[in-house]
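**Q** everything below, folded, please.
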Amino acid sequence: MSKQRKEWLSTLAKAKAMDVARLFAGIRHVPEYETLRVPEIGGVMVRGRMGGIGDAFNLGEVTVTRCSVQLETGEVGHGCVQGRNRGHAEQVAVLDAMLQGDRKGDLTKTVIVPLMEIALAEKETRAKKAAATKVDFFTLARGED
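**A** So this is what the prediction gives:
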C-alpha cells in the first residue's frame, strides 16, 4: 500500500461522518459499484504502553465498522471507521476506490484537503483548551542563602 493511500485512508477514517457525508454529497459523479463486503460492525482490541515505552497491555475494545466495494472500473476500496455508522464506512470505501483512479487529484482537493483542514482546526482548538488549564509551577528564592 502506498504512503499516499495510507494517508488518505487515515484522514477518511478519522473524519467525522457528517463531514465525509457533506463532502461526498458534493461529488458530481459517483461511479456504480458492487459491494464486496457489506458494512459490518465488530470490535478491535486497543493496546497501550505506559509512557510510550513500557510493555504493551490490552486497554479495551473499540467498536468499528468496515466495508469493501469495487467500482465498475475495477478499483477496490476499503473503509474502516470507529463506531457503528455503516454509511460512513461505505462512503470511505467508495472514496478509497475513487482515489485510486484518474480522479485522484480532483478528489484530493475537494475531499481530502478539506478534511485535513477540519482535523487541524479541531486539533488547534483542543490544544488551546488544554493550554488554558496549564499550571506553571515555579520556585521563589527564599533568601536564606
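**Q** pretty sure V64 is touching C80, no?
**A** Yes. Between V64 and C80 there is a contact at 5.8 Å, judged by C-beta atoms under 8 Å. In this view, the C-beta of every residue, glycine as well, is placed from N, C-alpha and C.
**Q** give me the contact list for stretch 21-39.
**A** Residues outside stretch 21-39 that contact it (C-beta atoms under 8 Å, 6 or more residues apart in numbering): 65-73, 76, 79, 86-91, 94-95, 97-98, 107, 110-111, 114-115.
**Q** buried subset of these?
**A** 65-69, 71, 79, 86, 88-91, 94-95, 97-98, 107, 111, 114-115 (16 or more other C-beta atoms under 10 Å).
**Q** check the offset of the top helix by length along the chain from the chain's centre.
**A** In the chain, taking DSSP state H as the definition, the longest helix is helix 113-132. Helix 113-132 sits 14 Å away from the centroid of its parent chain (C-alpha atoms, centre = their mean, to the nearest Å).
**Q** and stretch 67-85, by the same measure?
**A** Centroid separation for stretch 67-85 versus its chain: 14 Å, with C-alpha atoms, centre = their mean.
**Q** could you do stretch 16-23 as well?
**A** Its chain's C-alpha centre and that of stretch 16-23 lie 11 Å apart, by C-alpha atoms, centre = their mean.
**Q** state the mean pLDDT of that stretch.
**A** Averaging pLDDT along stretch 16-23 gives 96.
**Q** of all the residues in it, which ones are buried?
**A** Within stretch 16-23, the residues that qualify as buried are 16-17, 19-20, 23, counting by 16+ other C-beta under 10 Å.
**Q** which of those residues lies closest to L120?
**A** D19 (12.8 Å; C-beta to C-beta).
**Q** where are the low-confidence patches of the protein?
**A** In the predicted model, the chain carries pLDDT under 70 at residues 139-145.
**Q** those strands in it, which residues are they?
**A** Assigned by DSSP state E, the strands in the chain fall at 33-49, 56-71, 76-82.
**Q** neighbouring strands of the longest one in the sheet, and parallel or not?
**A** Strand 33-49 sits in its sheet next to strand 56-71 (antiparallel), going by DSSP bridges.
**Q** now the shortest one
**A** Strand 76-82 has the following sheet partners, assigned by DSSP bridges: strand 56-71 (antiparallel).
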